[in-house]
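Undergrad: got a predicted structure here, sequence first:
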Amino acid sequence: MSIEPEFVMQDPEEGQALDAYSQVVIRVAESVTPHVAAIEMMSTGRRGQVRVGSGSAVVFTGDGYMLTNAHVVAGLQSGRAVFADGKQTDVELVGADPLSDLAVVRGLKSTPPPALLGDADTLRVGQLVIAVGNPLGLAGSVTAGVVSGLGRSIPVRAGEHRRVIEDVIQTDAALNPGNSGGALADTKGRIVGINTAVAGLGLGLAVPINTTTQRIIASLLRDGRVRRAYLGLVSTPIPLDASAVVRTGQKEGLRVVEVIANSPAEQSGLQSGDLVLRAQGRAVSSAESLQKLLFEGAIGQPFPLTVLREGKTVQLTAFPSEMSQQ
């Protein structure tokens, strides 16, 4: 008795759908890969130059400026970039911002034309995205997946300052450390994020390309760093009780856990236990919503705060100082 293998015929429509999916990924990979470089940052030691940091980078201007991660450049000033076609260029650090994990480097020789930047604020959960990196030795690493979460946060630290990278994109497109600094693209080949971390098997995160990060990039290009305003408080989001919701029209606020001594927050009269409702006239309900208001333009300027203290609304004014780089 012989057993004949059974072959299941594929549904033609299913095959067409799979082919359409593949064609999208292929098209995006072919359009984005030429703009993505493998970079390695070098340090000079007793035995000459030693590679210290490595990852990927994305060309985003016509004169050779590239976006990558701050942790990839590792605080170093120079290195080299290698593109998928084998062309190389030395690079120099333009600026890095550990608190957003973004950095800009510049190619000293000719580079491919820039990739097209998109807007991560238009993404939706379930949308197809393609991660393109260029780890050393793996030219054109491409994976595809879907946006599995939006508005995530990554806690980071730079010196004595703690912060969160806000509105991070979570995707199930598989990543590896060499893809850090590479491109996260939508189905039209627009760069909507810079891959930044592997947070567990099958989970990747990317810093979004949006209005906030465009400001950070502009600061890095102009000044080589990002100037931020400093208030000096530690807070946590909490829901308001029913009576407070009726009085304020808000459902959440920021409970002040700690006010740093001699900080602008202390000098404004802010106290531990206060509930911050508004800053600069805008509702705040998370650390991210407050952080978005504390860029260069707020340094030394009146910064109105509306707080709820012992059931009463109190108006305060702080004058944020410039956050130190240490």
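TA: That came in fine, so what should we check first? The structure presented is a predicted model; accordingly, all values stated were derived computationally and were not measured. Numbers count the residues shown, from 1 in each chain.
Undergrad: for G281, what are phi and psi?
TA: phi 80, psi 0 (degrees, to the nearest 10).
Undergrad: which residues touch it?
TA: The contact partners of G281, taken as Cβ atoms under 8 Å, 6 or more residues apart in numbering, are P304. Backbone N, C-alpha and C define where each C-beta goes, glycine included.
Undergrad: switch the cut-off to 6 Å
TA: Contacts here follow Cβ atoms under 6 Å, 6 or more residues apart in numbering; on that basis G281 touches nothing.
Undergrad: distance of it from F295?
TA: 16 Å (Cβ to Cβ, to the nearest Å).
Undergrad: I'd guess I217 is in a strand, am I close?
TA: No: under DSSP: H, G, I helix; E, B strand; the rest coil, I217 sits outside any strand and is assigned helix.
Undergrad: what's opposite the closest residue in space to L175 that isn't next to it in sequence in the beta bridge?
TA: Leaving aside its sequence neighbours, L175 sits nearest to G204 (Cβ to Cβ, 6 or more residues apart in numbering; 3.8 Å). With DSSP bridges as the criterion, G204 is bridged to T171, V198.
Undergrad: what's the burial count for G204?
TA: Other residues lying near G204 total 27 when counted by other Cβ atoms under 10 Å.
Undergrad: contacting residues for it?
TA: For G204, the contacting residues are 171, 173, 175, by Cβ under 6 Å, 6+ apart.
Undergrad: out of these, which is nearest to L305?
TA: Closest approach between the contacts of G204 and L305, by Cβ to Cβ: T171, at 36.2 Å.
Undergrad: quick one: buried residues of stretch 99-117?
TA: By 16 or more other Cβ atoms under 10 Å, the buried positions in stretch 99-117 come out as 99-107, 111-112, 114-115, 117.
Undergrad: pLDDT below threshold where in the stretch 201-326 of the chain?
TA: 201-203, 325-326 (pLDDT under 70).
Undergrad: so what touches stretch 254-272?
TA: If you take Cβ under 6 Å, 6+ apart as the criterion, stretch 254-272 is touched by 231-238, 274-276, 284, 316, 318-321.
Undergrad: run the last query once more with 8 Å
TA: Applying Cβ under 8 Å, 6+ apart, the contact partners of stretch 254-272 are 230-238, 273-276, 284-287, 290, 303, 305, 307, 309, 316-321.
Undergrad: what about it, how long is it end to end?
TA: Start to finish, the residues bounding stretch 254-272 are 11 Å apart (Cα to Cα, to the nearest Å).
Undergrad: can you list the buried residues in it?
TA: In stretch 254-272, counting by 16+ other Cβ under 10 Å, buried: 254-256, 259, 263-266, 268-270.
Undergrad: farthest-separated two in those?
TA: R255 and P264 (18.7 Å).
Undergrad: identify each buried residue in stretch 84-91, please.
TA: Of the residues in stretch 84-91, 84, 89, 91 count as buried by neighbour count, 16+ other Cβ under 10 Å.
Undergrad: look up how far L233 lies from V192.
TA: Taking Cβ to Cβ, one finds V192 at 32 Å from L233.
Undergrad: dump the buried residues of stretch 254-272 to a markdown table, plus secondary structure and distance to A244.
TA: Conversion of the buried residues of stretch 254-272 to a markdown table gives the following (DSSP: H, G, I helix; E, B strand; the rest coil; distance: Cβ to Cβ, whole Å):
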| residue | secondary structure | distance to A244 |
| --- | --- | --- |
| L254 | strand | 13 |
| R255 | strand | 12 |
| V256 | strand | 15 |
| V259 | strand | 21 |
| S263 | coil | 26 |
| P264 | helix | 26 |
| A265 | helix | 21 |
| E266 | helix | 24 |
| S268 | coil | 21 |
| G269 | coil | 20 |
| L270 | coil | 18 |
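Undergrad: L221: which of the residues you listed is nearest?
TA: P264 (28.1 Å).
Undergrad: ranges for the helices of the stretch 51-200 of the chain?
TA: Using DSSP state H, counting those that start in this stretch, the helices of the stretch 51-200 of the chain run over residues 70-73.
Undergrad: could you report the neighbour count for the residue nearest to I165 when sequence neighbours are not counted?
TA: In space, and not counting its chain neighbours, I165 is closest to I154: 4.5 Å by Cβ to Cβ, 6+ apart. The number of residues packed near I154 is 16, by other Cβ under 10 Å.
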